[in-house]
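Novice: sequence and predicted model, in that order:
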Amino acid sequence: MEPNPYAPPQAPLLPPPLQPHSDAEALRREHINTEATIKTVGVLYYLGAFGMIVIGLSTLADSEGSPAHVMTGLFVLMGIAQFAAGYGLRRLRGWARYPTIIFSGIGLLGFPIGTLINGYILVKVLGKQGRFVMTPEYQDIIAATPHVKNKTSRAVWILLAVLLVVLAISIIFMISSSR
């Protein structure tokens, strides 16, 4: 029997249903909190770099002699290194793990708060998820899933604003008390 040319089509007219999550999207959602934590550590390193450079330059203006210049150079170099580490962390570059390990290792000596914070940073950067997040493969996943975003709560933004105000006040206090 010949097919009827006027019969309705036998194939489904609707496209197949979209899968809610592709593999890349599922991986991104699984690692988004680690990604956000590492990027936040990068911001903290930016703030630390700014503080180191300001302190280093203020010691240069306040004192004379070669020991002061050595300290100034040391603070400024550490600030630049910390800025570079923050840059790498913000962009999830694998090389940024090494300076982060060094700075966090030094930060472990700041018992008890520094030990807790830097221990957490080391766990995030050296852990399985942190190692994966800082690979070129994960960069491809980020490029394939630009619509996946981490939602930051209002409480975190308020806490960040309070931290920045306290940091600014303490820097102003340090500068004014050193004169």
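Specialist: Great, that's in hand. Small disclaimer: the values here were computed from a predicted structure and weren't measured. Numbering: from 1, shown residues only.
Novice: any regions of the chain where pLDDT drops low?
Specialist: Within the chain, the stretches with pLDDT under 70 are 1, 12-21, 61-63, 65, 179.
Novice: middle-most residue in it, spatially?
Specialist: Among the residues of the chain, the one closest to the centroid is Lys39, at 1.4 Å (CA atoms, centre = their mean).
Novice: check which helix or strand covers that residue.
Specialist: helix 23-62 (DSSP states H and E).
Novice: return the residues in contact with the residue nearest to the centre of the chain.
Specialist: Leu89, Arg90, Leu92 (CB atoms under 8 Å, 6 or more residues apart in numbering). C-beta here means a position set from N, CA and C on the backbone, and glycine is covered the same way.
Novice: out of the residues you listed, who's the most crowded?
Specialist: Leu89 (26 neighbours; other CB atoms under 10 Å).
Novice: quick one: the closest residue to that one other than its chain neighbours from Glu2, how far?
Specialist: Of all residues not flanking Leu89 in the chain, Gly42 sits nearest, at 3.3 Å (CB to CB, 6 or more residues apart in numbering). In this view, Gly42 and Glu2 are 69 Å apart by CB to CB, to the nearest Å.
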